[in-house]
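**Student:** take a look and give me a structure for this.
(chains A, B, C and D)
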2 protein chains.
Amino acid sequence: MSKNKVTIKDIALYAQVSTATVSKIINNKDTNISKETREKVLNIIEKYNYIPNRMASSLVTKKTKTIGLVIPDISNPFFPEIARGVEDHANSEGYSVIVCNTDNSVEKEEKYISMLMEKMVDGIIMTAAEKENENIDFYKRIDIPIVLVDRDINIDMVKGRVLVDNFKGAYNGVSYMIHKGYKKIVMLSGPESKNTSYDRVEAYKQALKDHNIQFECVVEGKYSLEWGKEGVKKLLEKNVEFDAIFCANDLIAIGAIKELKSVKKSIPKDVGILGFDGIYIGEIIDPTLSTIKQPNYMMGYKSAEVLIDVINKNTTNNKDITLDTELIIRDSL
Amino acid sequence: MSKNKVTIKDIALYAQVSTATVSKIINNKDTNISKETREKVLNIIEKYNYIPNRMASSLVTKKTKTIGLVIPDISNPFFPEIARGVEDHANSEGYSVIVCNTDNSVEKEEKYISMLMEKMVDGIIMTAAEKENENIDFYKRIDIPIVLVDRDINIDMVKGRVLVDNFKGAYNGVSYMIHKGYKKIVMLSGPESKNTSYDRVEAYKQALKDHNIQFECVVEGKYSLEWGKEGVKKLLEKNVEFDAIFCANDLIAIGAIKELKSVKKSIPKDVGILGFDGIYIGEIIDPTLSTIKQPNYMMGYKSAEVLIDVINKNTTNNKDITLDTELIIRDSL
DNA sequence: TTGAAAGCGCTAACAC
DNA sequence: GTGTTAGCGCTTTCAA
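**Tutor:** Okay, here's the model as predicted:
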């Protein structure tokens, strides 16, 4: 293991051929290479443990076989499955993925995108930080394809979207609650600035309206367990009467359940709970959480498919995919 | 946004300076550059929206400012926090991180390491797939620094380790159980091939011995929720009498709790449960899980520190860090 | 079927 | 303070 790496030049020298020949063999562009030379070269490569320098080849081919994954936070239970889906498909196509956590900060997002552009990634898969983007100037400068996953925003270089039909999912969920007999369904929503949350709220309202239910109550908060607890506290303090809660995501739902249990409310007898997302924890808590499950792994996988498709074919027409949610009835409803 | 990227040459041309000057300014090596030229150049860069091509500079500096993170599975709740810790420190030092999932397969691990070497990453942080590594030949060829996290194996290029004192943590945990008055503590262990599991089993045995407790029962399984359920079933079928279970990780503990609850055992009254890891879910389930918490975020963060230190200083002496666990008593014990 | 040579975009001596 | 120039390791015409 010498300190100086062996290069394509060395291989060419040892094998008594040109670097062009070696290059063709490495890259399977060896339609015009005789069996003998190929084997000879392959042997030398093996013998000297030659590792091609992909930086160098990227410099000329302008392809790095690397993509960026820009998400709010990998330690938020919603994202690991998406990341895994992305990585699985990317890897199967020979790509590697650089993961970036924005914490929903637009500044961090821009910093990361700039960095990814300097590193010449072939494309980016992103769950955008905000619904609205003020800094249009910045986005105009992006010159690599972007595929949006989970959250939709309106920027130029977006070549595809992999979203979930939040409206439909929430509508079906709330309708189910109504059919089950719940009369006073309140909603603990996420931040209105996220359009996932917006769609779910709209669906909730629509479902109530379509079923001629007057009672409507939305409390806006955050996508967190703490907000679930806090929201229930608020409801209780204000003496709002309710027999069910539709939560904008599972974390909120879990918080709500904890709080409800701590004041001795029985679930689902006193209060029925429906979440949204289908994170792993929901199967484990007691009572198990009924939820509207998003196909997270598939979202990641599909977005990698779309992106790599765009990279390869260089298609300009957007490819948008909408995946369906699945209503999963467990014990909380 | 022209299709042809603007290069350092263009900037030099427009600013009427040499590429060397531009390069120095970009890289803050501008001690010998006049204010005027610097500002002029910076303006041109801004105006033409110049983005330096880091592939090209990496080719000459031999530094990519990228590291690899090789772990079993990002969607296993144990790893996202580690990943976040790694990414946070790496990013603060200007590095980006490529994430690879091995599913504990040695073949995948080797494939990924090869790929990372081709991409010329500056180093690798890895939770190795197996305790023993047969393919010594492969590891000998690795010529970039590796820092091990969580699991220790014995290979050449390891420049540091960030581990947790599994023995001490488990020993303290089991001792606590004994002091609490539990007499018949069984252990649901993980796979013996993992040395994390091995250490915890040894500590369990030692703690029993040191407290003169004869009853000892270890059942070997896997690090999974399913195994927790199954393990309890086995224990019950075989009519093993026990009043507490020490589980080799939290997933096992959660499975055990679910199974115990389903046969109407009360926790901790009938059976006390202690887990290991401190994953998020443990705070949420009912009863909340007592556990030996590993500092996962810190493990990731520290391992990035060690690796980047090695990369910068090029130190050859290994740096090993052992972090302490924390016994967290909640409701299951 | 193979090779010569130009060049990808940048850095780092070294010269001025 | 600033510029010249020789590569870094590879791919890709084009010619032989």
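**Student:** from here on, contacts and neighbour counts on C-alpha atoms
**Tutor:** OK.
**Student:** quick one, what contacts A:Ile136?
**Tutor:** A:Ile155 (Cα atoms under 8 Å, 6 or more residues apart in numbering or on different chains).
**Student:** give me that answer again for 6 Å
**Tutor:** With contacts defined as Cα atoms under 6 Å, 6 or more residues apart in numbering or on different chains, A:Ile136 is in contact with no residue.
**Student:** and it, how far is that from DNA strand C?
**Tutor:** 24 Å (Cα to the nearest atom of the strand, to the nearest Å).
**Student:** how far away is that residue from B:Met120?
**Tutor:** The gap separating A:Ile136 from B:Met120 is 34 Å, by Cα to Cα, to the nearest Å.
**Student:** and for A:Glu109?
**Tutor:** 25 Å.
**Student:** need phi/psi at the residue nearest to A:Asp30 when sequence neighbours are not counted.
**Tutor:** Leaving aside its chain neighbours, A:Asp30 sits nearest to A:Lys24 (5.3 Å; criterion: Cα to Cα, 6 or more residues apart in numbering or on different chains). For A:Lys24, the backbone dihedrals are phi -60, psi -40 (criterion: degrees, to the nearest 10).
**Student:** same deal with A:Ile273?
**Tutor:** phi -130, psi 130.
**Student:** same deal with A:Ser18?
**Tutor:** Note on A:Ser18: backbone dihedrals following degrees, to the nearest 10 are phi -90, psi 160.
**Student:** quick one: name the residues of the stretch 1-150 of chain A near DNA strand C.
**Tutor:** A:16-21, A:31-34, A:36-38, A:56-57, A:59-60 (Cα under 7 Å from any atom of the strand).
**Student:** go again with 6 Å.
**Tutor:** A:Gln16, A:Val17, A:Ser18, A:Ala20, A:Thr21, A:Asn32, A:Ile33, A:Ser34, A:Thr37, A:Leu59, A:Val60 (Cα under 6 Å from any atom of the strand).
**Student:** got the CA coordinates for the strand or helix carrying A:Ile44 in CSV?
**Tutor:** Assessed by DSSP states H and E, A:Ile44 sits inside helix A:35-47. Listed next in CSV are the C-alpha coordinates belonging to helix A:35-47 (Å, rounded to 0.1, in the frame of the first residue of the first chain):
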residue,chain,number,x,y,z
LYS,A,35,-9.9,-10.0,-25.5
GLU,A,36,-6.2,-10.3,-24.9
THR,A,37,-5.6,-6.7,-24.1
ARG,A,38,-8.7,-6.5,-21.9
GLU,A,39,-7.6,-9.4,-19.9
LYS,A,40,-4.0,-8.2,-19.6
VAL,A,41,-5.2,-4.8,-18.4
LEU,A,42,-7.7,-6.2,-16.0
ASN,A,43,-5.0,-8.4,-14.5
ILE,A,44,-2.7,-5.4,-14.0
ILE,A,45,-5.5,-3.4,-12.5
GLU,A,46,-6.1,-6.2,-10.0
LYS,A,47,-2.5,-6.8,-9.3
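**Student:** that one vs chain B: in contact?
**Tutor:** No - against chain B, helix A:35-47 shows no contacts by Cα under 6 Å from any Cα of the partner chain, the least distance being 11.6 Å.
**Student:** could you tell me how far that helix lies from the centre of the chain?
**Tutor:** Centre-to-centre, helix A:35-47 and its host chain are 43 Å apart (Cα atoms, centre = their mean, to the nearest Å).
**Student:** what's in contact with that helix?
**Tutor:** Residues contacting helix A:35-47 (Cα under 6 Å, 6+ apart): A:Ala15.
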